[in-house]
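S.K.: fold the stuff below for me.
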Amino acid sequence: MKVAIYARVSTADRDQNPDNQLLILREYAKNREMEVFKEYIDTEHGYLQSRPALDEMLKDARMRRFKAIIAVRQDRIGRSAAHLINLAKDLRDMGIGLVFATQNIDTTTIEGRAWFTIGAAFAEMELEYIKVRTKEGLARARAQGKQIGCPKGGGKNHVLSMTPDAIRMRKRRTEMK
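M.R.: Below you'll find the predicted structure:
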């Protein structure tokens, strides 16, 4: 069976690296004698429904270039239950399954579709808990008098808090003027 591999990390910097997911997914496909059509990798937050590699993969899905998409877990594709369920339905209408390697979920089976739906609800709940914990942490930090975000007016410290990509883009913009 020809499959697409999908991996996503929230950001390309820090400790997040899609290679961990790709190793698992390549091994999964190899052990099941699946032919990998293409690997799609995003470095965007999961709550974004539109991501460059996801969009490209869905375009290829509409062209029936593979029979299934494999990802490590449901939360790698998205965290909104509605988005995940609609995506699975759209793919199913195209004859394409979703497989989540570490969760033993395969939407080409009746049981897999049931577990997928349950898992989508939990993925969305986890996203909501992350938002709540983040807001609570920011409120605590503000109450303790800590600076949140970049200093007002930028300054030297502002550049230090920027990612290397942002610094390169700013430098290129300055050089173009």
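
S.K.: any figure for the gap between Gly78 and Asp93?
M.R.: Separation of Gly78 from Asp93 (C-beta to C-beta, to the nearest Å) stands at 18 Å. Placement of C-beta: from N, CA and C, glycine included.

S.K.: check Asn86 too.
M.R.: Counting by C-beta to C-beta, the gap from Asn86 to Asp93 is 11 Å.

S.K.: so between the two, which is more surrounded?
M.R.: Neighbours were tallied for Asn86 and for Asp93 using other C-beta atoms under 10 Å; the higher tally belongs to Asn86 (14 against 8).

S.K.: need phi/psi at the more buried one.
M.R.: phi -60, psi -40 (degrees, to the nearest 10).

S.K.: same check, this time on Ala7
M.R.: Dihedral angles of Ala7 (phi, psi; degrees, to the nearest 10) stand at phi -130, psi 150.

S.K.: what sits against it?
M.R.: Under the criterion of C-beta atoms under 8 Å, 6 or more residues apart in numbering, the contact partners of Ala7 comprise Pro18, Gln21, Leu22, Leu25, Glu39, Tyr40, Ile41, Asp42, Ala71, Val72, Arg76.

S.K.: pretty sure the fifth one sits in a strand.
M.R.: Yes: with DSSP: H, G, I helix; E, B strand; the rest coil as the criterion, Glu39 is located in a strand.

S.K.: what are the bridge partners for it, then?
M.R.: Glu39 has these beta-bridge partners by DSSP bridges: Ile5.

S.K.: that one contacts Leu22, correct?
M.R.: Yes: at 6.5 Å, Glu39 counts as touching Leu22 under the criterion of C-beta atoms under 8 Å.

S.K.: any shared contact partners between the two?
M.R.: Residues touching both Glu39 and Leu22 by C-beta under 8 Å, 6+ apart: Ile5, Ala7.

S.K.: for the longest helix seen in the chain, packing partners?
M.R.: Using DSSP state H, we find that the single longest helix of the chain is helix 110-143. The criterion is 3 or more C-beta pairs under 8 Å, 6 or more residues apart in numbering; DSSP states H and E, and the helices and strands that helix 110-143 contacts are helix 81-93, strand 97-100, strand 105-106.
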